[in-house]
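1. Got a predicted structure plus its sequence, pasted below:
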Amino acid sequence: MLEKIKKQFWMIDALLKTDFTTKKQLVTNFLTAKKKYIPKEKRDANIDSLLKCALCPNMCRFDCPVSMAEKSESSSPAGKMKIAYFLETGKIQPSESAIDLMYKDVNCDACKQWCPFGFSIGELLIGVRNDLVKAFLLLKELNKVFMDIDNALGGLSERERDKRAESDNSPDI
C-alpha cells in the first residue's frame, strides 16, 4: 500500500498546489468522463484503462525497451494506448502502422513499475488485439495463413470467407 501511495504522491502534490477553480474542474471532469469518452458497446479492450494510460504523463517510456529502440512517441506506452483508444472508438481508421503498433510490445512489464495504476501495456493490448482480430484486421501475412488453414480444414462458412476476403483489402502489413 505504501508503494502505491509513493507512486501517486506527485499527483497529490500537484493537486494541492492548484487553485480552487482548477480543482473543481478536475473533479467534475473525473466524475463525468465515462459518459463522454467511454463507448457503450461491449469490447474486449478495457477502454477505461486505455484512456487512463493514454492520458498519463508517460513516465514509463524511459524504462520501455520498445520506446527506447523505436525512439518514437507513438511507440511509447502512452502513445500506443492513445492509438489503441482512437482505434477502439473509431476516431481513426485502422491503418498498417496503427495495427502494427498494437503488436509492438515485448511483455516485459517494465511499464508497470512506473504506472500509478499498475497497468501492464502487454495486458491492455490483448483486448485491443482481440477486437482487431474480430474485425478481421490482422497483419496481412497472418490473415493469409488463417485463410489457408481454414480452407484446408473446410472450417469457414461462405459468409466468413467473404469477410476475410474483404479484410484482405485492408492495409498491407
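-> Right, received. Where do you want to start?
2. Could you pick out the longest helix of this structure?
-> Longest helix in the chain by number of residues (criterion: DSSP state H): helix 20-37.
3. Just list what it packs against, helices and strands only.
-> Secondary-structure packing of helix 20-37 (3 or more Cβ pairs under 8 Å, 6 or more residues apart in numbering; DSSP states H and E): helix 47-54. C-beta here means a position set from N, CA and C on the backbone, and glycine is covered the same way.
4. let's see it at 10 Å
-> Contacts defined by 3 or more Cβ pairs under 10 Å, 6 or more residues apart in numbering; DSSP states H and E place helix 20-37 against helix 2-16, helix 47-54.
5. need the helices for this structure, in chain order.
-> 2-16, 20-37, 47-54, 65-70, 77-89, 96-101, 110-114, 121-134, 140-153, 158-167.
6. Worst mean pLDDT among those?
-> Mean pLDDT is lowest for helix 158-167 among the helices of the chain, at a mean of 64.
7. List the residues that contact Asn29.
-> Listed by Cβ atoms under 10 Å, 6 or more residues apart in numbering, the contact partners of Asn29 are Lys36, Tyr37.
8. For Cys56, see how far away it is.
-> 15 Å (Cβ to Cβ, to the nearest Å).
9. swap in Lys35?
-> Taken as Cβ to Cβ, the span from Lys35 to Cys56 is 21 Å.
10. And Lys104, by the same measure?
-> In terms of Cβ to Cβ, Lys104 sits 18 Å off from Cys56.
11. With neighbour numbers in mind, choose between the two.
-> Cys56 (19 against 16; other Cβ atoms under 10 Å).
12. What does the more buried one show for phi and psi?
-> Here the main-chain torsion angles of Cys56 (degrees, to the nearest 10) amount to phi -70, psi 160.
13. Output stretch 132-150 in PDB with nothing but the alpha carbons.
-> The C-alpha trace of stretch 132-150 is given here as PDB (Å, rounded to 0.1, in the frame of the first residue of the first chain):
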ATOM      1  CA  LEU A 132      -8.800  -6.200 -34.200                       C
ATOM      2  CA  VAL A 133      -9.000 -10.000 -34.900                       C
ATOM      3  CA  LYS A 134     -12.800 -10.000 -34.600                       C
ATOM      4  CA  ALA A 135     -12.900  -7.200 -37.100                       C
ATOM      5  CA  PHE A 136     -10.600  -9.300 -39.400                       C
ATOM      6  CA  LEU A 137      -7.900  -6.500 -39.100                       C
ATOM      7  CA  LEU A 138      -4.800  -8.700 -38.900                       C
ATOM      8  CA  LEU A 139      -1.300  -8.500 -40.200                       C
ATOM      9  CA  LYS A 140      -1.800  -9.400 -43.800                       C
ATOM     10  CA  GLU A 141       0.600 -12.400 -43.600                       C
ATOM     11  CA  LEU A 142      -1.400 -13.800 -40.600                       C
ATOM     12  CA  ASN A 143      -4.700 -13.300 -42.500                       C
ATOM     13  CA  LYS A 144      -3.400 -15.400 -45.400                       C
ATOM     14  CA  VAL A 145      -2.100 -18.100 -43.100                       C
ATOM     15  CA  PHE A 146      -5.500 -18.300 -41.300                       C
ATOM     16  CA  MET A 147      -7.400 -18.400 -44.600                       C
ATOM     17  CA  ASP A 148      -5.100 -21.300 -45.900                       C
ATOM     18  CA  ILE A 149      -5.700 -23.300 -42.600                       C
ATOM     19  CA  ASP A 150      -9.400 -22.700 -42.600                       C
END
